[in-house]
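Q: sequence and predicted structure, then a few things I'm wondering about:
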Amino acid sequence: MPPRLLLAGPPWRGEHVVDGKWVGGLLLQLRWVDSACTGGWAPTPASLAPQRDEGAKLARTSARMTPAMISRPSVVALGHPPSTGQTDIARWMSPPAEPVGIRSVPESESRFGLGELTRAALWIWQDRVRTDAYREAIMLHQKFIEGKVVMDVGCGTGILSVFCARAGAKRVYAVDASEIATQASEIVKANNLADKIIVIHGRVEDVDVEEKVDVIISEWMGYMLLYESMLPSVLFARDKWLKPGGLILPSHATLFMAPITNSDRYEGSVDFWCDVYGINMSALVPLAKKFASEEPSIEIVGGENVISWPFVVKHIDCYTFTVEEFKSITTTYKVSSMMLAPIHGFGLWFEVEFNGPAESCSNLSSDSSPLDIIQKKRCRASDSTVVLSTAPEDEPTHWHQTILYFPDPIGVTQDQIIEGSVTITPSEENPRCLNIHLECS
């Protein structure tokens, strides 16, 4: 089930296009939306990604959103830097009574409706590309898992824990802060793995595991790789519990970005208002531009929409990356347009690799040339590395691509240089939100 994109704040501050240069900043927020909430507001359908969950509504309050209100997988709300505080969800379901067989952290932060959790889990696990990549990676690295201790960070339904147990793991600690841990425990029992998998209900930063682990596995990636900010939890688990020489799956991640053109989308959401059933509604065009551009869009674009070679925003080695590095990710870029076309915005996508602890991974930096990226992709296709890609040219996943649309397109000619910078930082008010500052000229 794709997420709903919901407005969560006032319009952008400092957004402008001057002499072909675009500068803007935005805040990306992720949180659960209780289906019982009412009084919500959703943006125009032209600015929405595909959606099927008509029951999810946003309730606006003046309270601050806290990390306790966030879990994975989540409904997405994307918005901008608020002038006063954050938004919050008005109503949360109380957790059920704790079942026998689940270890629970006393002050668990999870207060989520199981209906939303179940629907989100179904949508994610129906992503065959994603699930097959994890299963293939586990079997590829079975020699590191068999007879060893594994920690599954953010286990959700526990499917990765089950895969690891079936691959021969001696013991698996399945950790999740949300109420889905209740169902994960039942799934473990139903598959006769209660003697191998221990489900722990709580944040990984708060749980008590009394032994070191040989393997850490996690599906920590959010939209645009970093939306959900689950990576710090994986790094915390790595530093506290992973044995020297241990295995981390996935081991490496790379965030890519490229200018995109999408005239059909722009015409359908903006130019549409110039002639509606023969009625001139062009007075709505400024508002339509605002709605179409004020929220990042989670949607699928094709390779034909990408008008330059992608550039690397950030390459992450999960064996060495630190939380300090995550506090600010900045890169400059300089790419060449491959065609005469309007730039409607920038697309972001990612790929992750599942390498063993002793296996090297060529570091793709922001200075990597298109040839470096192509050669690396061809090399991987010929070896045994498992790669999960969300690129436009690859098979679609539930992550789709993340598009940052401009209010107005910028025309470029073939071979014209497009350059600028992008900075991504966690929000100070809520580290599970992201501030993005993008410049383009």
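A: That came in fine, so what should we check first?
Q: isn't there a helix covering residue 207?
A: No: assessed by DSSP: H, G, I helix; E, B strand; the rest coil, residue 207 does not belong to a helix; its assignment is coil.
Q: so it touches residue 199, yeah?
A: No: counting by C-beta atoms under 8 Å, residue 207 sits too far from residue 199 to count as a contact (10.9 Å). C-beta: built from backbone N, CA, C; applies to glycine.
Q: which one of these two is surrounded by more residues?
A: Using other C-beta atoms under 10 Å, the more surrounded residue of residue 207 and residue 199 is residue 199, with 29 against 21.
Q: list the beta-bridge partners for the more buried one.
A: Beta-bridge pairing of residue 199 under DSSP bridges involves residue 174.
Q: and the pLDDT at it?
A: The pLDDT attached to residue 199 in the predicted structure is 98.
Q: can I assume it is in contact with residue 174?
A: Yes: with contact taken as C-beta under 8 Å, residue 199 and residue 174 are classed as touching, separated by 4.8 Å.
Q: next, show the common contact partners of those two.
A: Residues touching both residue 199 and residue 174 comprise 155, 158, 161, 181, 184, 188, with contact defined as C-beta atoms under 8 Å, 6 or more residues apart in numbering.
Q: closest one of these to residue 325?
A: Set against residue 325, the nearest of the shared contacts of residue 199 and residue 174 by C-beta to C-beta is residue 155 (25.6 Å).
Q: could you report the neighbour count for the closest one?
A: Close neighbours of residue 155, defined as other C-beta under 10 Å, add up to 29.
Q: tell me the SS of it?
A: coil.
Q: quick one: contacts for it?
A: Taking C-beta under 8 Å, 6+ apart as the definition of contact, the neighbours of residue 155 are 161, 174-176, 181, 184, 199.
Q: read off the pLDDT value for it.
A: At residue 155, the predicted lDDT confidence score is 96.
Q: pretty sure residue 256 belongs to a strand, no?
A: Yes: secondary structure of residue 256, determined by three-state DSSP: located in a strand.
Q: gap between the closest residue to it other than its chain neighbours and residue 432?
A: Across the structure, with C-beta to C-beta, 6 or more residues apart in numbering as the measure, the residue nearest residue 256 apart from its sequence neighbours is residue 310 (4.1 Å). The gap separating residue 310 from residue 432 is 26 Å, by C-beta to C-beta, to the nearest Å.
Q: ranges for the helices of the stretch 251-400 of the chain?
A: 263-269, 285-293, 323-326, 370-382 (DSSP state H, counting those that start in this stretch).
Q: packing partners of the second one?
A: Going back to what we said before, that points to helix 285-293. Helices and strands touching helix 285-293, as assessed by 3 or more C-beta pairs under 8 Å, 6 or more residues apart in numbering; DSSP states H and E, comprise helix 263-269, strand 401-412.
Q: for the contacts of residue 155, work out which two are farthest apart.
A: With C-beta to C-beta as the measure, no two of those lie farther apart than 161 and 181, at 11.1 Å.
Q: quickly list what's touching both of those two.
A: When contacts are counted by C-beta under 8 Å, 6+ apart, residue 161 and residue 181 have 155, 174, 199 as shared neighbours.
Q: and the second one, how many neighbours?
A: It stands for residue 174. Around residue 174 there are 32 residues (other C-beta under 10 Å).
Q: that one contacts residue 196, correct?
A: No: using C-beta under 8 Å, residue 174 and residue 196 do not qualify as a contacting pair, with a distance of 10.2 Å.
Q: helix, strand or coil: sort out residue 227 for me.
A: On the basis of three-state DSSP, residue 227 is classed as coil.
Q: that one reaches residue 426, doesn't it?
A: No: under the criterion of C-beta under 8 Å, residue 227 is not in contact with residue 426, lying 10.8 Å apart.
Q: those two - which one has more neighbours?
A: Each of residue 227 and residue 426 had its neighbours counted (other C-beta under 10 Å), and the higher figure belongs to residue 227 (23 against 19).
Q: ok, the lengthiest strand in the chain: who's next to it in the sheet?
A: Longest strand in the chain by number of residues, with DSSP state E as the criterion: strand 341-354. Strand 341-354 sits in its sheet next to strand 252-260 (antiparallel), strand 386-389 (antiparallel), strand 401-412 (antiparallel), going by DSSP bridges.
Q: and that strand with helix 285-293, angle?
A: 20 degrees (axes from the mean of the first three to the mean of the last three C-alpha atoms, to 10 degrees).
Q: any regions of the chain where pLDDT drops low?
A: Within the chain, the set of residues satisfying pLDDT under 70 comprises 1-125, 229, 358-384.
Q: what about 50?
A: Along the chain, the model assigns pLDDT under 50 to residues 1-22, 26-114.
Q: sorry, back to before: any chance of the helices and strands packed on helix 285-293 in a markdown table, with mean neighbour count too?
A: Converted to a markdown table, the helices and strands packed on helix 285-293 look like this (neighbours: other C-beta atoms under 10 Å):
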| stretch | mean neighbour count |
| --- | --- |
| helix 263-269 | 16 |
| strand 401-412 | 21 |
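Q: okay if I get these as TSV plus distance to residue 316?
A: Shown next, in TSV, are those (distance: least, C-beta to C-beta, whole Å):
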stretch	distance to residue 316
helix 263-269	30
strand 401-412	17
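Q: out of the ones you listed, nearest to residue 345?
A: Nearest to residue 345, of all these, is strand 401-412, at 3.9 Å by C-beta to C-beta.
Q: alpha carbons only: can I get whatever helix or strand residue 240 lives in in CSV?
A: Residue 240 belongs to helix 231-241 when elements are defined using DSSP states H and E. As requested, C-alpha coordinates have been extracted for helix 231-241 and formatted as CSV (Å, rounded to 0.1, in the frame of the first residue of the first chain):
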residue,chain,number,x,y,z
LEU,A,231,20.4,4.1,10.3
PRO,A,232,21.5,5.5,13.6
SER,A,233,19.8,2.6,15.4
VAL,A,234,21.8,0.1,13.3
LEU,A,235,25.0,2.0,14.0
PHE,A,236,24.1,1.9,17.7
ALA,A,237,23.6,-1.8,17.6
ARG,A,238,26.9,-2.3,15.7
ASP,A,239,28.9,-0.3,18.2
LYS,A,240,27.3,-2.0,21.2
TRP,A,241,26.9,-5.6,20.2
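Q: what residues does that helix touch?
A: Identification of contacts with helix 231-241 by C-beta under 8 Å, 6+ apart yields 151, 153-154, 175, 203-205, 209, 211-213, 216, 218, 220, 248, 316, 318-319, 321-323, 326, 431.
Q: got any residues that touch both of residue 227 and residue 426?
A: The contact sets of residue 227 and residue 426 overlap at residue 434 (C-beta under 8 Å, 6+ apart).
Q: circling back to that earlier point, right, and the helices and strands packed on helix 285-293 - which one's nearest residue 167?
A: Evaluated over those, closeness to residue 167 peaks at strand 401-412, with 31.6 Å, by C-beta to C-beta.
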